[in-house]
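this is the structure alone, sequence omitted:
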């Protein structure tokens, strides 16, 4: 019996010794603002892209400015409503959106700081848009049904009224650090030029080195993406980070191996490693363009969530991961010890990244030429 116990003990020690828990070392860590929470909303697109623009402002001007995410949301809902009503309900009306919707918002309405537009009702501490969206959707469906047989333009005023009640009226003028601004002049002060930002993707169903409208549910505004081969798509991310440019990321987070609590997102080679790979380093799957396309077309890869790529790390075996800032807050009950950041492996990025947005100067000369 003692020999058996000794053998079992040796076996357990061997297994424990073989398993390597993640230890990460920083490779690149670019400036970004603190992690915050999007609350009970589907507005990750504004939180991630606003975070991205905050890093851009720091890169360009050296100033740290907390941008109002909800100002972008407030300005985008009327556009969504117009799309839904004019398509007579044959479109999607939801809380979702994409990075270019924020760019469209600031191009048209400028930027305001969080201190002057919180999007919160008096006494409210966190965002919750469930009721507001239900009210808007109910109204819009009435307008689509058009019971009066002639659609009045008053429906647009009604939408604006609901948004004013739940989020607040648009800001026309405000004071920031002792100076008076309009949203447009504040945008000018930040040095952000909306036309400088490009969206890049990689799918084989469209020609490479050309633009196309990506058919995903949240692309209500028909945003255009530049299409690259998969290796070059990843190279765009690497080149940007290596040269001081962060990126806004649209990706799938529905995989069981995407874990905010564990702070990792990985793609195991073997499905039997699905649980253990969140704690210990395991072999990951090699992701080909064909497999990426297959997983996109069979709905295994979907447009779930937007975040902000702010750097790179590597584990003790030398595997590289992208440091991704999330918008689920820092509450340890929800995000564990990750602090609101996720280390996303290269295979995960190759398979699950729908697209990235970055400043055009963050592209290599070869890509810019193409």
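That came in fine, so what should we check first? Predicted model, so just to flag it, every value in this text is computed and none were measured.

CA atoms for contacts and neighbours, from now on please.
OK.

can you show me the strands along the stretch 151-300 of the chain?
In the stretch 151-300 of the chain, strands defined by DSSP state E, counting those that start in this stretch lie at 174-176, 179-181, 197-201, 210-213, 224-227, 247-251, 258-259, 264-265, listed in chain order.

ok, which of those comes nearest residue 298?
strand 247-251 (15.5 Å; Cα to Cα).

specify the angle between that closest one and strand 197-201 in degrees.
40 degrees (axes from the mean of the first three to the mean of the last three Cα atoms, to 10 degrees).

packing partners of strand 247-251?
helix 44-61, strand 305-314, strand 353-359 (3 or more Cα pairs under 8 Å, 6 or more residues apart in numbering; DSSP states H and E).

list the helices and strands the last one packs on?
Using 3+ Cα pairs under 8 Å, 6+ apart as the contact definition, the elements that strand 353-359 packs against are strand 197-201, strand 247-251.

list the pairing partners of the last one within its sheet, with orientation.
It stands for strand 247-251. Strand 247-251 pairs in its sheet with strand 305-314 (antiparallel), strand 353-359 (antiparallel), by DSSP bridges.

quick one, that strand and helix 44-61 angle?
Using the same axes, to 10 degrees: strand 247-251 against helix 44-61 is 160 degrees.

what is the mean pLDDT for strand 247-251?
What strand 247-251 shows for mean pLDDT is 98.

how about residues contacting that strand?
Where contact means Cα atoms under 8 Å, 6 or more residues apart in numbering, the residues beyond strand 247-251 that reach it are 48-49, 52, 98-99, 237, 240, 302-310, 352-358.

of the residues you listed, grab the buried ones for ChimeraX.
Restricted to buried positions by 16 or more other Cα atoms under 10 Å, the ChimeraX selection for the contacts of strand 247-251 reads:
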select :48,49,52,98,99,237,240,302,303,304,305,306,307,308,309,310,352,353,354,355,356,357,358
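
where in this protein is the helix or strand with the lowest mean pLDDT?
In the chain, no helix or strand scores lower on mean pLDDT, DSSP states H and E than helix 2-18, which sits at a mean of 46.

tell me where the model's unsure across this protein.
In the predicted model of the chain, residues 1-19 satisfy pLDDT under 70.

and of the strands of the stretch 151-300 of the chain, who's closest to residue 30?
Distance to residue 30, taken as Cα to Cα, is lowest for strand 247-251 among the strands of the stretch 151-300 of the chain, at 10.5 Å.

what's the closest residue in space to residue 39 that isn't next to it in sequence in contact with, if anything?
Spatial nearest neighbour of residue 39, excluding adjacent residues (Cα to Cα, 6 or more residues apart in numbering): residue 127 at 4.8 Å. Residues near residue 127 by Cα under 8 Å, 6+ apart: 38, 39, 40, 41, 119, 120.

how close does the nearest residue to the fifth one once chain neighbours are set aside get to residue 77?
Pointing back at residue 119 there. Spatial nearest neighbour of residue 119, chain neighbours left out: residue 167 (4.3 Å); criterion: Cα to Cα, 6+ apart. From residue 167 over to residue 77 the distance is 11 Å, taken as Cα to Cα, to the nearest Å.

what do you get for residue 99?
With Cα to Cα as the criterion, residue 99 and residue 77 are 14 Å apart.

equivalent analysis for residue 93, please.
Relative to residue 77, and taking Cα to Cα, residue 93 is found at 9 Å.

neighbours of residue 318, how many?
As a burial measure, residue 318 scores 10 neighbours (other Cα atoms under 10 Å).

so it belongs to a helix, correct?
No: Residue 318: not assigned to a helix; according to DSSP: H, G, I helix; E, B strand; the rest coil it is coil.

OK, contacts around the nearest residue to residue 341 once chain neighbours are set aside?
Closest residue to residue 341 apart from its sequence neighbours, by Cα to Cα, 6+ apart: residue 325 at 4.6 Å. By Cα under 8 Å, 6+ apart, residue 325 lies in contact with 35, 307, 308, 309, 310, 340, 341, 342.

what of residue 345?
264, 265, 266, 267, 319, 320, 321, 322.

same question, residue 289
Counted by Cα under 8 Å, 6+ apart, residue 289 has contacts 203, 204, 229, 230.
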